[in-house]
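Asker: Return a 3D structure for these sequence lines:
(one chain, ligands or ions: 1)
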Amino acid sequence: MSQAMQRLRAEIAAAGPDYWLRDARVPAALLTTGPAAEGDLVRCDLRISHGKVATIAPLGTAPAGPSLDGGQLWPGPVDGHTHMDKGQIWGRTANPTGDFFGALNACAADRNAWTDADIEARFEFSLRAAYAHGTVAIRTHLESFAPRDPASWRVFRRLRDRWAGRITLQASSIAPLDRFQGEDGEILANTVAESGGVLGMVSRLSGGVHDALPPEFQPMLDHFFSLAEARGLALDLHIDESGETGAKALIEIARTALRRGFKAPIQVGHCCSLAIQPEEFARETIRLCAEAGISVIVLPMCNMYLQDRVAGRTPRWRGVTLVHEMRAAGMRVSVASDNTRDPFYAYGDMDMVEVYREATRILHLDHPVGDWPRAFSANPAAALGLPDHGMIREGATADLLLFRARGWTEFLSRPHADRIVLRAGAVLDVEPPDFRELDAVIGGPG
Ligand SMILES: [Zn+2]
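Answerer: Reported below is the predicted structural model:
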């Protein structure tokens, strides 16, 4: 850690429950009130009192207190799409081809090793990493292929309760759409409802280049919606995660939500194929999604890793969906980690600062930065129904990240391993866990 950050950390730790943080730059899009912005950043002083942001004042207001020396200050991020029950398995089950089908096959094989203890050890490792990096809330998808033995859900409920107050944890099911038919669908939807979860499925169905989706798709989708409606559940869907132009589930989901008057929140993830479909079709899809109030969450690191991967051939596209067009149409856009050190993505450390930095580079969320910082915190918080998270505002809990970086290229050029995480205004003294701790679980380094 730099000496300057060490000094700031010590000053805050010694400051007591009521102090001023002087000379911070806050992304303007993450402030609800406060002084006028200079470009995308607002330079200000913040008074922290008994765990809350008490005052956001113009630079120079504070009489004394620890100074960021112009460094950036962000709210704790919300990671709205992860896979914590299958995370961290790479050391025991790699993806030999690095592509989507390699990932599906490897994960299916690895599930044979899943016990409650195995899932819990890996899941908690990821939580500890996220916590150390400053994340305040996470939604994880849970493998739900065996509705009669919902091991991931049991572990989730335990960890959600154990981590309450540190990380707000939500869960969504993930299983192929056809798994929700019949009695297993009812059992699974009941498990989701009893666990306070969100109903999620995955559809990668494709009708080929010009064809419609297979005829069984729409009845299955309506049945899936009806399972959620009967239990008042929100939806979180893995949609069209492929490079096939015939993968057109997204528009049918929007039409179905509108036709049924579906009221609960819907979040969709991936939507990769939209980027290679005809402009007019993409525009109509986005228009209907916006009309249906659907939020989109983008997983740029995982998309870049899996999409357009062919052995011996250089990838030609980035795999990500049309976030600029979606934002322009009024859709709420978030970024998230997705998989972490498993066959769907070999890397990652549950660090939303890395996700935002990579998202900026992959998706061009810059020049100007504008309101893209909301994709890091405020947008996923709103999509997940967590209105108290994601913005810097007076009265909010002082869960903050402090950086040495001042401007955007300073912020986006380094990983900021020396960031200071504040939880309720106090310095969090936690490091990411050592990968060696997983040796006993996955058998060695990944
Ligand atoms: Zn995912």
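
Asker: Please state the backbone phi and psi of residue 358?
Answerer: phi -70, psi -40 (degrees, to the nearest 10).

Asker: Pull the contacting residues for it.
Answerer: Residues near residue 358 by Cβ atoms under 8 Å, 6 or more residues apart in numbering: 300-301. Placement of C-beta: from N, CA and C, glycine included.

Asker: same thing but at 10 Å, please
Answerer: Residues in contact with residue 358 (Cβ atoms under 10 Å, 6 or more residues apart in numbering) are 300-301, 304, 335, 348, 412.

Asker: if I look at it, how far off is residue 320?
Answerer: 11 Å (Cβ to Cβ, to the nearest Å).

Asker: Report the spatially closest residue to residue 349, excluding sequence-adjacent ones.
Answerer: Spatial nearest neighbour of residue 349, excluding adjacent residues (Cβ to Cβ, 6 or more residues apart in numbering): residue 129 at 5.3 Å.

Asker: is it true that that neighbour lies in a strand?
Answerer: No: counting by DSSP: H, G, I helix; E, B strand; the rest coil, one finds residue 129 to be helix, located in no strand.

Asker: Now rank the contacts of residue 358 by neighbours and give me the top one.
Answerer: Counting by other Cβ atoms under 10 Å, residue 335 has the largest number of neighbours within the contacts of residue 358, with 30 neighbours.

Asker: what about the closest residue to residue 365 other than its chain neighbours, how many neighbours?
Answerer: Excluding its sequence neighbours, the residue lying closest to residue 365 (Cβ to Cβ, 6+ apart) is residue 372, at 4.0 Å. Residue 372 has 24 neighbours, counted by other Cβ under 10 Å.

Asker: Same question for residue 154.
Answerer: Count around residue 154 with other Cβ under 10 Å applied: 16.

Asker: Flag the shaky bits of the stretch 1-150 of the chain, pLDDT-wise.
Answerer: 34 (pLDDT under 70).

Asker: Show me where it has its helices.
Answerer: For the stretch 1-150 of the chain, the helices defined by DSSP state H, counting those that start in this stretch cover 3-13, 100-110, 116-133.

Asker: Quick check: residue 62 vs residue 48, distance?
Answerer: In terms of Cβ to Cβ, residue 62 sits 11 Å off from residue 48.

Asker: Those two - which one has more neighbours?
Answerer: For residue 62 versus residue 48, the count of surrounding residues by other Cβ under 10 Å is larger for residue 48: 25 against 20.

Asker: Just give me the neighbour total for the spatially closest residue to that one that is not a sequence neighbour.
Answerer: In space, and not counting its chain neighbours, residue 48 is closest to residue 425: 4.3 Å by Cβ to Cβ, 6+ apart. Neighbour count of residue 425, defined by other Cβ under 10 Å: 23.

Asker: burial count for residue 102?
Answerer: 17.

Asker: Thought residue 108 was touching it, still the case?
Answerer: No: if you go by Cβ atoms under 10 Å, residue 102 and residue 108 don't touch, sitting 11.0 Å apart.

Asker: Give me the common contacts of the two.
Answerer: residue 343.

Asker: The nearest residue to residue 122 once chain neighbours are set aside: neighbouring residues, count only.
Answerer: Nearest residue to residue 122, sequence neighbours excluded (Cβ to Cβ, 6+ apart): residue 88, at 4.2 Å. Neighbourhood size, residue 88 [other Cβ under 10 Å]: 25.

Asker: gap between residue 88 and residue 120?
Answerer: In terms of Cβ to Cβ, residue 88 sits 12 Å off from residue 120.

Asker: tell me, what's touching those two both at once?
Answerer: With Cβ under 10 Å, 6+ apart as the test, residue 88 and residue 120 both reach residue 441.

Asker: biggest separation within the contacts of residue 358, which pair?
Answerer: For the contacts of residue 358, the farthest-apart pair by Cβ to Cβ is 348 and 412; their separation is 17.7 Å.

Asker: Show the model's pLDDT score for the residue nearest to residue 365.
Answerer: With respect to pLDDT, residue 372 has a value of 97.

Asker: shared neighbours of residue 358 and residue 320, anything?
Answerer: 300-301, 304, 335.

Asker: Residue 26: which of the residues you listed is nearest?
Answerer: Using Cβ to Cβ, the shared contacts of residue 358 and residue 320 come closest to residue 26 at residue 335, 18.9 Å.

Asker: What distance do you get for the closest residue to that closest one other than its chain neighbours to residue 281?
Answerer: Excluding the flanking residues, the one nearest residue 335 by Cβ to Cβ, 6+ apart is residue 359, at 4.3 Å. According to Cβ to Cβ, residue 359 stands 25 Å off from residue 281.

Asker: Give me the more crowded residue out of those two.
Answerer: The residue with more neighbours, out of residue 359 and residue 281, is residue 359; 25 against 13, by other Cβ under 10 Å.

Asker: so what's the more buried one up against?
Answerer: Taking Cβ under 10 Å, 6+ apart as the test, what residue 359 contacts is 298-301, 320, 323, 333-336, 352, 365, 372, 375-376.

Asker: Which of the helices or strands spans it?
Answerer: Element membership for residue 359, per DSSP states H and E: helix 352-363.

Asker: CA atoms only: put that helix into CSV for me.
Answerer: What follows is helix 352-363, C-alpha atoms only, in CSV (Å, rounded to 0.1, in the frame of the first residue of the first chain):
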residue,chain,number,x,y,z
MET,A,352,-16.4,-4.8,-9.0
VAL,A,353,-13.6,-2.2,-9.6
GLU,A,354,-12.0,-4.7,-12.0
VAL,A,355,-15.4,-5.3,-13.6
TYR,A,356,-16.0,-1.6,-14.1
ARG,A,357,-12.5,-1.0,-15.4
GLU,A,358,-12.8,-3.9,-17.9
ALA,A,359,-16.3,-2.9,-18.8
THR,A,360,-15.1,0.6,-19.6
ARG,A,361,-12.5,-0.8,-22.0
ILE,A,362,-14.6,-3.5,-23.6
LEU,A,363,-17.9,-1.5,-23.9
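
Asker: ok, the residue nearest to residue 64 when sequence neighbours are not counted to residue 69 distance?
Answerer: Sequence neighbours aside, residue 20 is the residue nearest to residue 64 in space, at 6.7 Å (criterion: Cβ to Cβ, 6+ apart). As judged by Cβ to Cβ, residue 20 and residue 69 stand 14 Å apart.

Asker: Comparing the two, which shows the higher neighbour count?
Answerer: Neighbours were counted for residue 20 and for residue 69 using other Cβ under 10 Å; residue 20 has more, 21 against 13.

Asker: most remote residue from the chain's center?
Answerer: Ranked by distance from the centre of the chain (Cα atoms, centre = their mean), the top residue is residue 63, with 38.2 Å.
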